[in-house]
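> Turn this into a structure:
(chains A and B)
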Amino acid sequence: MSPPGLQPPPRRPQRKQSTTADLRSFQRMMTHAVIRPLAAGDRLQARWIDGRPMRDVAAEFIKPNDRLTSFDRLEIYNRMYWFRLIGCFHDDNPALRALLGERRFERLARAYLAKYPSRSFTLRNLCSRLEQFVAEEPRWTAPRTAAARAIARFEWAQTVAFDEEARPALAPEAIAAVSPARLRVGLQPYLSLLTFDFVVDDYVIAIKRRSALRSEASNAVDSAGTGRGRRASARLRRGRIHLAVHRHTNRLYYKRLERAELKILAALGDGRPIAQAVAAGGPRVRPDQVRDWFANWMKLGWLCERK
Amino acid sequence: MPANRFNGQTDYGIGIGLRVPHYRHILEKKPVVDWFEIISENFMVDGGRPLEVLDRILEQYQVVQHGVSMYFGSADKPDRAHLRKLKTLVKRTKTPWLSDHLCWGSVDGTYTHDLLPMPYTFAAARRTAEKIRQIRDFLEVPICVENVSSYAEFHVSEMTEWEFLNEVVERADCGVLLDVNNIYVSAQNHGFNPYAYIDAIPAERVGQMHVAGHTKFEKYILDTHDHPVLDPVWKLYAHATRRCGVTATLLEWDDKIPSFDEVHDEALKANAFIDGAKRAPQAARTAKPSP
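Numbering: from 1, shown residues only, chains lettered A, B, ... in the order given. Below you'll find the predicted structure:
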């Protein structure tokens, strides 16, 4: 079965290429071959999608040379693809890797990338569907699926916080000038509001020692393949927490929120007027709390105009 | 050619790639560097630290954009969202030219994030040239296409790699980013003469050159960008500069990245190889010496 969006390869590669459609057909063939999951020992699979020997299929469209067979040459690209993407998956999910351990994390990476190959020009978005995948296919993370989902969501929120758009923050006078019954505000696109049943922030802080700086690889190949990572010494404790994952002066932060605080922010993000959003916080919320929260959110620049 | 319409009539000298491990050194020490090449995709974001760093670099240095995911050779139409982000970055950096690879890497919206070799066919050349023209017209900046290193060749090909490069750049009327290391790597992997390749390219279209290190395995060479430049590549570079003139040159070092000074010193070794080209008369540049 083809991954979502990718059309099936042709039954046989064309012998002549005359049109753009021919070029596209050729590129489907090669793409299916390159992204085909690696076999044991990180080798190219011995069989093609239709069961034919891969050696025969590779020989139909790739030339051999005096040192390498067509199969060998295709295998170079197959391995480079997987090493590159698994390396990126490792870099983006250090806490999930620590939670699952090296072997299970590696299996999860390969299963995820087989089901959801990249649909973006940037590797930044590679793990955007990881939480969804963990929920869809719990066998890769069982019995820690709930924890794995939480960590995957938290790590994706960090990617968003790192480089998502920042809109001009609202000034206090902009809020004061309009009645709370009518005023609707937006939340910064880089801000994620999350509720967890695990104390993920303490866990991640314990694990993630390296800088959050991320960088796309260029066109170079990592000859070392995938690296080996460290195991976590921290334990992921159960406990309900509410978090804002955001950035301030271009540094990543996780901020604990009270439940009512998160509800009000979420209501603001949904486009409800300020007065209604505050009501969403519940009857126990005091006016002085609301004032302090708004002051803090303004200070952090979380509130902006609605788009 | 030192300055031509494919590099925005600039004469940029010797640059290096802007890489994360060097940010602090560059921002604090402000070393003298002719220019930096940035990977466009690293900065095609909507906010955060990448753009903050870029803006600080732009205050001090000349910057040229180099892409890794435009995939001129993919059969798919250019992605409009991708192009819009790229144009936003072009306006920010004011890059005098923009480069990406003569390759493909995506189909049906699925990305391999690799620089896959083209089938060297006339159909592919026509489609690739058409896309380069469309993209250049949208971005409103000169484009140079870079030859890639490759590990496979296809039965369907109808010409050599350099013939394909010529066919594309003539049809697209674009420039060439001549990656000398990639020529060497591909020559070793496919058994052609790298000097014949350089002698066949349209020298007047070369707007920039790349040099880099590679890794030799038992049966093939891999373009790893994790070593100093090897002697055969420097020799090829000297030959290329004699043929094309002294051109904006960049050292690529993308993995196992050493200190800034080590990378910069390696790049500056190019000076030793371009002195001969500076002294060579123009007539000599168009001659076709034997390797």
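> Could you use CA atoms for every contact and neighbour count after this?
Noted.
> right, and A:P189 touches A:P168 too?
No - if you go by Cα atoms under 8 Å, A:P189 and A:P168 don't touch, sitting 11.1 Å apart.
> which one of these two has more residues nearby?
Applying other Cα atoms under 10 Å in any protein chain shown to A:P189 and A:P168 shows that A:P189 carries more neighbours, namely 20 against 12.
> how about that one, secondary structure?
coil (DSSP: H, G, I helix; E, B strand; the rest coil).
> where along chain A do the helices fall?
Taking DSSP state H, the helices of chain A run over residues A:20-35, A:54-61, A:70-92, A:94-100, A:102-115, A:130-136, A:145-163, A:172-176, A:200-207, A:259-269, A:274-279, A:287-300.
> among those helices, which is nearest chain B?
helix A:145-163 (4.4 Å; Cα to the nearest Cα).
> tally of neighbours for the nearest residue to B:K235 once chain neighbours are set aside?
Spatial nearest neighbour of B:K235, excluding adjacent residues (Cα to Cα, 6 or more residues apart in numbering or on different chains): B:F273 at 7.7 Å. Neighbour count for B:F273, taken as other Cα under 10 Å: 20.
> how close does B:F273 get to B:L178?
As judged by Cα to Cα, to the nearest Å, B:F273 and B:L178 stand 16 Å apart.
> do B:E158 as well
22 Å.
> more neighbours, these two?
More neighbours surround B:L178 than the other of B:E158 and B:L178, with 28 against 16 (other Cα under 10 Å).
> Contacts only, for that one.
Contacts for B:L178 (Cα atoms under 8 Å, 6 or more residues apart in numbering or on different chains) come out as B:E146, B:N147, B:V206, B:G207, B:Q208, B:M209, B:H210.
> again, but for A:A161
With Cα under 8 Å, 6+ apart, A:A161 has these contacts: A:Y190, A:L191, A:S192, A:V245, A:H246, A:R247, A:L252, B:G48.
> farthest pair in those residues?
A:S192 and B:G48 (14.8 Å; Cα to Cα).
> Give me the more crowded residue out of these two.
Neighbours were counted for A:S192 and for B:G48 using other Cα under 10 Å; B:G48 has more, 23 against 20.
> Check the more buried one and give its pLDDT.
Looking at B:G48, its pLDDT is 96.
> ditto for A:A174
83.
> Burial check on it, number of neighbours?
11.
> which ones are touching B:L89?
Counting by Cα under 8 Å, 6+ apart, B:L89 touches B:S40, B:F43, B:M44.
> If any of those residues are buried, give me the ChimeraX selection for them.
Filtering the contacts of B:L89 down to the buried ones (16 or more other Cα atoms under 10 Å in any protein chain shown) takes a single ChimeraX command:
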select /B:40,43,44
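> can you list the contacts of B:L89 in CSV and add pLDDT and secondary structure?
Output for the contacts of B:L89, formatted as CSV (pLDDT from 0 to 100; DSSP: H, G, I helix; E, B strand; the rest coil):
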residue, pLDDT, secondary structure
B:S40, 98, helix
B:F43, 98, helix
B:M44, 97, coil
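> Get me the contact residues on the stretch 151-291 of chain B for chain A.
Contact residues, the stretch 151-291 of chain B versus chain A (Cα under 8 Å from any Cα of the partner chain): B:151-156, B:190, B:215, B:219, B:222-225, B:254-255.
> In helices, which of those residues appear?
Using DSSP H, those in helices are B:H190.
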